[in-house]
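1. A structural model of the following input is requested.
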Amino acid sequence: MLLTRWGKNIGDIPLSEYPRPQFKRDSFFCLNGKWQLSFLKEKAVPAEFEYEITVPFSPEAPLSGVGRELQNDEYLIYQKSFELDAAFNKGRVFINFGAVDQIAEVYLNGKYVGTHHGGYTPFSFEISEYINCGENTLNVIAEDKTEENEYSRGKQKTKRGGIWYTKQSGIWQSVWLESTPIEYIKSVRITPNFDNEQVHFEFENAEGVEILIYDGEELIADTSDTTVKLPDFKAWSPESPFLYEAVFKYKGDKVKSYFGMRKFSVGTDDGGIPRLFLNNKPYFHNGLLDQGYYPDGFLTPPSYEALENDVKIMKACGFNMLRKHIKIEPLLWYHYCDVNGIIVWQDMINGGGIYGSEVSVLPFLNIKLSDSNYKRFKRTNEKARELYYTELREMVDALYNCPCIAMWVPFNEGWGQFDSGKAYNLLKKWDKTRLVDSASGWHDMGRSDVVSKHIYFTPIKVKASERPYVLSEFGGYSFKIDGHTFNDKLFGYRIYKSKESLTKAYKKLFEKVIIPQIKTGLSATVYTEVSDVEDELNGLLT
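-> Coordinates of the predicted model:
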């Protein structure tokens, strides 16, 4: 087992920090830690459990302490017993799950609470009528078919290898309780209006919320108006990631949040070339592919410090953007990007059946396929297509208040792609503040804010067009360091035998190919990648 330095000491309650800084209450009861677990072929709570598991690590992940893979004909049956002090309950109690892969049924004290479909988005249920002061028993029944049901699965695969990674199942992000008064703030959408020096607050279920805005320690606004003028505001950028703090008060409920005044758009530079803009000026996005996999926790970081470390190291290396690839991270990761000044391109999770080679091979022959052909793109399951839009909206709602996010990426390299023009229109309807790369890599149906290319094997030649040209994947140079690999396999697009030859090739790539083409139209780059992932040894970090 290959352990990260954080995985060597995860403690009794791992990832126990408050997990939602974008909407924070003082109320917090972490349920991470030791749970009971069984693998069964029926939905039933056993009298005795087979395993003790460390949540939130999936049973397949080494840090879970289980090391057993869920089969497609099995269910994961979780149980957690806990005591809750009477003082915790302020009127309502909610249970929050960061993510459970793929389907979760929740029961508390023998009573059915709710079901959530989709393995990557956060969800919550009110449990006020089921919770006890004192002893409680929580059960979660999880089901995960990986490829079989065409649900979103990311880069997990039953038979892993190459660019596809070890599958995992069940709870893989934090589980926690919070309590609110009977009348409370359910949610808020914070929208900065850069051009009009305003910020707008939209509350889902509350009117007359008192809004306090702070510039550091200084209170600069105290109002119930949902649109607040901020003359001479401080802008957010990677060079100066300034964040305003906000506090919302409503009938005994109090929530803390923050926002950044920034604007992401497209425009033309002084030479008439389409560019990505930040705060009304051309801005080059110099980024990396970031897949967020760990050898000991898989999709789950061994600690939040591990997440923060990735962000800070990449910023120190000179990058200003990360493309979060085929994964939705815990909300603290986006907070670290907000605070440290890293722009984020956020991928949606791919689903569908087992992809045919024509989807990924034909683009190299300059053959573009229509993504309305569900059979060819392995999107024949109507229920899974409907769930895609549900999860897409859940992702936007969960991450909307993160200042760092500049772009949504609904599809990647044709994997389970369908009706990308519809996805583009929906994203633009739901979120007017961000850009959309509808089909990263290829199979561009014409509804996108950028021209998005993945180039690994052929010469990189930028051609300016009516949209900003972004090199949304390239590089992937590999070098194996003994003792720092997941196994003995090596996957990479170009393989080097020494640090010196790797460095020389990397330097040549940027100085001779990338930098000269910025002036001719290149507007962003996404180098592959932040860290090695299983067989892939093309990371800047092992």
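
2. Backbone dihedrals for the closest residue to residue 1 other than its chain neighbours, please?
-> Nearest residue to residue 1 in three dimensions, chain neighbours excluded: residue 62, at 4.8 Å (Cβ to Cβ, 6 or more residues apart in numbering). All C-beta atoms are positioned from the backbone trio N, CA, C, and that covers glycine. Per-residue torsions, residue 62: phi -50, psi -40 (degrees, to the nearest 10).

3. quick one: contacts for residue 62?
-> Applying Cβ atoms under 8 Å, 6 or more residues apart in numbering, we find residue 62 in contact with 1, 3, 7, 295-297.

4. again with residue 269
-> Per Cβ under 8 Å, 6+ apart, neighbours of residue 269: 275, 282.

5. So which residue is smack in the middle of the chain?
-> Residue closest to the mean C-alpha point of the chain, counted by Cα atoms, centre = their mean, is residue 328 at 1.9 Å.

6. my guess is that one contacts residue 99, does it?
-> Yes: taking Cβ atoms under 8 Å as the definition, residue 328 is a contact partner of residue 99 at 7.1 Å.

7. Need the overlap of contacts for these two.
-> Both residue 328 and residue 99 are contacted by 120-121, under the criterion Cβ under 8 Å, 6+ apart.

8. Pull up the per-residue confidence for residue 358.
-> Predicted confidence (pLDDT) for residue 358: 70.

9. Check residue 240 too.
-> pLDDT for residue 240: 98.

10. And it, how far from residue 296?
-> As judged by Cβ to Cβ, to the nearest Å, residue 240 and residue 296 stand 36 Å apart.

11. neighbour-wise, which of those two wins?
-> The residue with more neighbours, out of residue 240 and residue 296, is residue 296; 21 against 9, by other Cβ atoms under 10 Å.

12. Angles on the backbone of the nearest residue to the more buried one once chain neighbours are set aside, please.
-> Spatial nearest neighbour of residue 296, chain neighbours left out: residue 7 (3.7 Å); criterion: Cβ to Cβ, 6+ apart. With angles defined as degrees, to the nearest 10, residue 7 sits at phi -70, psi -20.

13. what residues are up against residue 7?
-> 62-63, 294-297, 302-303.

14. Please repeat the previous calculation with a cut-off of 6 Å.
-> 63, 296, 302 (Cβ atoms under 6 Å, 6 or more residues apart in numbering).

15. before we move on, what about residue 380?
-> Residue 380 makes contact with residue 374, according to Cβ under 6 Å, 6+ apart.

16. In terms of helices and strands, where is it?
-> Using DSSP states H and E, residue 380 sits within no helix or strand.

17. how close does it sit to residue 353?
-> Distance, residue 380 to residue 353, by Cβ to Cβ: 7 Å.

18. Ok, residue 208 next?
-> According to Cβ to Cβ, residue 208 stands 50 Å off from residue 353.

19. Which residue of the two possesses the greater neighbour count?
-> residue 353 (18 against 9).

20. Tell me the secondary structure at the more buried one.
-> Three-state call for residue 353 (DSSP: H, G, I helix; E, B strand; the rest coil): coil.

21. That one and residue 377 touch, don't they?
-> No: applying Cβ atoms under 6 Å as the test, residue 353 and residue 377 come out as separate, 8.7 Å apart.

22. For stretch 2-20, give the mean pLDDT please.
-> Stretch 2-20 comes out at a mean pLDDT of 95.

23. lowest-pLDDT helix or strand in the chain?
-> helix 357-361 (a mean of 72; mean pLDDT, DSSP states H and E).

24. Would you mind measuring from residue 174 to residue 14?
-> Distance, residue 174 to residue 14, by Cβ to Cβ: 9 Å.

25. same question, residue 519
-> For residue 519, the distance to residue 14 - Cβ to Cβ - is 48 Å.

26. Those two - which one has more neighbours?
-> Per other Cβ under 10 Å, whichever of residue 519 and residue 14 has more neighbours is residue 14, with 24 against 11.

27. Give me the phi and psi for that one.
-> Dihedral angles (degrees, to the nearest 10) for residue 14: phi -70, psi 150.

28. dump the residue contacts of the closest residue to it other than its chain neighbours.
-> The spatial neighbour of residue 14 that comes closest, neighbours along the chain excluded (Cβ to Cβ, 6+ apart), is residue 32 at 5.8 Å. Residue 32 sits next to 13-16, 55-56, 174 when contact means Cβ under 6 Å, 6+ apart.

29. ok, now residue 521?
-> Residue 521 neighbours (Cβ under 6 Å, 6+ apart): 273, 462, 464, 469.

30. could you redo the last one with a cut-off of 7 Å?
-> The neighbours of residue 521, taking Cβ atoms under 7 Å, 6 or more residues apart in numbering as the test, are 273, 462-464, 469.

31. Narrow these to those that are buried.
-> Among the contacts of residue 521, those classed as buried by neighbour count (16 or more other Cβ atoms under 10 Å) are 273, 462, 464, 469.

32. What score does the second one have for pLDDT?
-> Read it as residue 462. Looking at residue 462, its pLDDT reads 94.

33. That one is in what secondary structure piece?
-> Here residue 462 is covered by no helix or strand, with elements defined by DSSP H and E.

34. wait, isn't residue 61 in contact with residue 302?
-> No: when contacts are counted by Cβ atoms under 7 Å, residue 61 is not listed as touching residue 302 (9.5 Å).

35. shared neighbours, the two?
-> Common contacts of residue 61 and residue 302 (Cβ under 7 Å, 6+ apart): residue 296.

36. which secondary structure elements does the lengthiest helix in the chain contact?
-> If you go by DSSP state H, the chain has its longest helix at helix 382-399. Packed against helix 382-399, as judged by 3 or more Cβ pairs under 7 Å, 6 or more residues apart in numbering; DSSP states H and E, are the following elements: helix 420-430.

37. Report the buried residues of the helix it packs on.
-> 420, 422-424, 426-427.

38. Which SSE is immediately downstream of that helix?
-> Immediately after helix 420-430, counting by DSSP H and E, sits strand 435-436.

39. Roughly how far does residue 69 sit from residue 103?
-> From residue 69 over to residue 103 the distance is 17 Å, taken as Cβ to Cβ.

40. more crowded one of the two?
-> Ranked by neighbour count (other Cβ under 10 Å), residue 69 and residue 103 place residue 103 first, with 18 against 15.

41. separation between that one and residue 141?
-> Separation of residue 103 from residue 141 (Cβ to Cβ) stands at 9 Å.

42. So residue 537 sits against residue 492, correct?
-> Yes: between residue 537 and residue 492 there is a contact under Cβ under 7 Å: 5.7 Å.

43. For these two, work out which one has more neighbours and name it.
-> Each of residue 537 and residue 492 has its neighbours counted (other Cβ under 10 Å); residue 537 has more, 23 against 20.

44. could you pull out the strands for the stretch 101-250 of the chain?
-> Secondary structure of the stretch 101-250 of the chain (DSSP state E, counting those that start in this stretch): strands at 103-108, 111-117, 123-126, 134-143, 156-157, 165-166, 170-171, 175-180, 188-193, 198-203, 210-215, 218-223, 227-229, 244-250.

45. winner for burial among these?
-> Mean neighbour count (mean count of other Cβ atoms under 10 Å) peaks for strand 170-171 among these, with a mean of 30.

46. The closest residue to residue 473 other than its chain neighbours: neighbouring residues, count only.
-> Nearest residue to residue 473 in three dimensions, chain neighbours excluded: residue 454, at 4.0 Å (Cβ to Cβ, 6+ apart). Using other Cβ under 10 Å, the number of residues around residue 454 comes to 19.
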